[in-house]
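Asks: Predicted model, plus sequence, below.
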Amino acid sequence: MYLGHSDPPRKRKASALVSLADGLLWRRGSAGTTFASVTTHLVTGAQGYVGRYLTRELLDRRSDGTVVGVGRSVHSGEALDRYAYEAADILDVPRMRTVLDRYRPERIFHLAAAPRNGSRAEIAQTNVLGTVSLLDAILGLEGYRPRIVIGSSGGVYGALDDDQLPASESAPCVPVDVHGASKLAAEHMARIIGERHGVCVMLARIFNVCGPGQDEQHVCGRLAAQLRPGEGEIRVGNLGATRDFIDVRDVANALAIIGERGACGEAYNVSSGDEMPISGLVDKMVSISGFTGVVPPADSGQRMPSVPRHYGDVTRLRELGFVQRHRIEDSLRDLIAEQRR
Ligand SMILES: NC(=O)c1ccc[n+]([C@@H]2O[C@H](COP(=O)([O-])OP(=O)(O)OC[C@H]3O[C@@H](n4cnc5c(N)ncnc54)[C@H](OP(=O)(O)O)[C@@H]3O)[C@@H](O)[C@H]2O)c1
């Protein structure tokens, strides 16, 4: 249940968790039992695309798990049991320190990020300085050393040679755009600060996310929005490029697994491991949607993007126990159905 943010008592006593109210976990029951057995998670960017699914995933995985969501906007969406939301800017270190001190989450998932089409300054500030600020907020609390999963991107690899694909986590990282560079910088800052100060930092390199609820900033969401019956012609990027699409629900599951079992200092690709040509993606979406308009031919002259082929090796994530549950067809079907509702 979401209610707001009044200050909780410093000591909590209890046995049964009944609600997450007024920004505090309130338990009632046998005196002397402490709060410590509950697994408390904090998700930055909780109201974003991945954050919404991750919040659900964390709540569903453990009946005693609780989640604190953080973002700058006011709380939106439905009220959930065992969930609290705190409106906070990750760049505001004192505010974040107050939020962290209030809940002392054992696991933090850092997904707050600038949009890909943000300005260079916004991208650098939110992605790099925002990550450093979050770590500063953590380090300012004595004796508090949570596990933290940094939401990074498959874009850190840039354009690899054919013989370096699929990209394993040890592949060279030479990003080709400001967004990828900011993610790589954030990775380095988090890893180094974590190692220096004993904070367990894990890096989740997320590839192309797809699935219900996706906005038009991303390729699947953009295509789905155009594939309505009665539309004339769709606009597509270079159909010859390849990408690695993973369902947002699988991303949420993967992040939760990394938070539980990942090794400190390690990077994990969060991807399907399948190389999908954009032309194949468009074909599938056209077939699922029943679109009868014009799709530009594959050789219609668009410039090849700076990363022509991109897909990730998912061995390391699978070794943690990750099993992909959604095929790309399921993701696309659910995305299109959700857009038409
Ligand atoms: N979606 C993808 O295809 C994809 C692929 C690779 C990597 N990733 C990474 O995965 C993570 C989640 O992606 P997403 O698609 O869920 O992103 P998203 O939908 O854009 O959500 C990001 C959230 O971050 C919050 N935020 C931004 N600046 C903030 C600040 N200064 N303080 C607090 N919150 C802030 C925003 O919420 P408010 O407006 O409420 O602040 C926003 O909802 C990101 O790190 C992204 O780079 C995503």
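Replies: Everything's here; your move. Residues are numbered from 1 along each chain as shown.

Asks: buried stuff in stretch 102-113?
Replies: Going by neighbour count (16 or more other CB atoms under 10 Å), the buried part of stretch 102-113 is 102-103, 105-113. C-beta coordinates here come from the backbone N, C-alpha and C atoms, glycine included.

Asks: Could you do stretch 86-100 as well?
Replies: So stretch 86-100, judged by 16+ other CB under 10 Å, has buried residues 86, 88, 90-91, 93, 95-100.

Asks: what about the nearest residue to residue 173 once chain neighbours are set aside, neighbour count?
Replies: Excluding its sequence neighbours, the residue lying closest to residue 173 (CB to CB, 6 or more residues apart in numbering) is residue 156, at 4.6 Å. Around residue 156 there are 26 other residues, counting by other CB atoms under 10 Å.

Asks: Can you tell me what sits against the host helix or strand of residue 329?
Replies: Here residue 329 sits within helix 328-340, counting by DSSP states H and E. By CB atoms under 8 Å, 6 or more residues apart in numbering, the list of residues contacting helix 328-340 from outside reads 210-214, 220-221, 224-225, 227-228, 245, 247-248, 272, 274, 276, 281, 284-285, 288-289.

Asks: Please pick the buried ones from these.
Replies: Buried residues within these, counting neighbours by 16+ other CB under 10 Å: 210-212, 214, 220-221, 224-225, 227, 245, 247-248, 272, 274, 276, 281, 284-285, 288-289.

Asks: And for the residue of the stretch 1-150 of the chain found nearest the ligand, nearest residue in space, chain neighbours not counted?
Replies: Nearest to the ligand in the stretch 1-150 of the chain, going by CB to the nearest ligand atom, is residue 48, at a distance of 2.0 Å. Residue nearest to residue 48 in three dimensions, not counting chain neighbours: residue 111, with 6.1 Å by CB to CB, 6+ apart.

Asks: Now do the same contact list for that neighbour.
Replies: 43-46, 48, 50-51, 54, 151.

Asks: again, only using 6 Å
Replies: Residues in contact with residue 111 (CB atoms under 6 Å, 6 or more residues apart in numbering) are 44-45, 50-51, 151.

Asks: between the residues you listed, which has the most around it?
Replies: residue 151 (27 neighbours).

Asks: Quick check: closest non-adjacent residue to it.
Replies: Nearest one to residue 151, counting by CB to CB, 6+ apart, is residue 111 at 4.2 Å.

Asks: Which element, helix or strand, includes residue 193?
Replies: Taking DSSP H and E as the definition, residue 193 sits inside helix 178-197.

Asks: and that helix, how far out from the chain's middle?
Replies: From the chain centre to the centre of helix 178-197 is a distance of 16 Å (CA atoms, centre = their mean, to the nearest Å).

Asks: And for stretch 244-264?
Replies: For stretch 244-264 - counting by CA atoms, centre = their mean - the centre lies 9 Å from the chain centre.
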